[in-house]
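K.L.:
Give me coordinates for this.
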Amino acid sequence: MVVAIESEPKPVLGKPPLPRYGTVAYQIWKKWDELKKAGRFTAYEAKQIVKEHDRSRYGVDSSYSSVLSKWAREGYITLVTEGRGQIPAFYEIQN
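P.N.:
From the prediction side, this is the model:
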């Protein structure tokens, strides 16, 4: 009998389906290729890439973290390092 272990890596699915226009997920989705080029990134870094011309880059909007966490659970991106407290989670987009 073979038992799947929850900690086994999930296969990467590629780019998620197009999210609803105007949402944070849509904004992140539009910058998919730039995030992929960045390598490993945090939610804060994703926000900086999405809002590259926005001068108000203070703190991390929890909605960025929420979208990235959801996509990692669904297998679209990889959670490289889990965040805890003040230590951010790191994500990566595989090929």
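K.L.:
So which bits of the helix or strand hosting Lys37 are buried?
P.N.:
For Lys37, the element it lies in under DSSP states H and E is helix 32-38. Neighbour-count burial for helix 32-38, counted by 16 or more other Cβ atoms under 10 Å, picks out 35, 38. C-beta coordinates here come from the backbone N, C-alpha and C atoms, glycine included.
K.L.:
Geometrically speaking, which residue is the centre of this structure?
P.N.:
Residue closest to the average C-alpha location in the chain (Cα atoms, centre = their mean): Leu68, at 3.1 Å.
K.L.:
so after the longest helix that the chain contains, what's the next helix or strand?
P.N.:
Longest helix of the chain, by residue count under DSSP state H: helix 62-74. Using DSSP H and E, the helix or strand that follows helix 62-74 in sequence is strand 78-81.
K.L.:
which secondary structure elements does that following strand contact?
P.N.:
Packed against strand 78-81 by the contact rule (3 or more Cβ pairs under 8 Å, 6 or more residues apart in numbering; DSSP states H and E) you find helix 62-74, strand 90-92.
K.L.:
ok, the residue nearest to the centre of the chain - contacts?
P.N.:
Neighbouring residues of Leu68 by Cβ atoms under 8 Å, 6 or more residues apart in numbering: 28, 43, 46, 77, 89, 91.
K.L.:
what's the closest of the residues you listed to Ser62?
P.N.:
Using Cβ to Cβ, Ala43 is the member of the contacts of Leu68 that lies nearest Ser62, at 8.2 Å.
K.L.:
Could you tell me the model confidence score at the closest one?
P.N.:
Note for Ala43: predicted pLDDT of 94.
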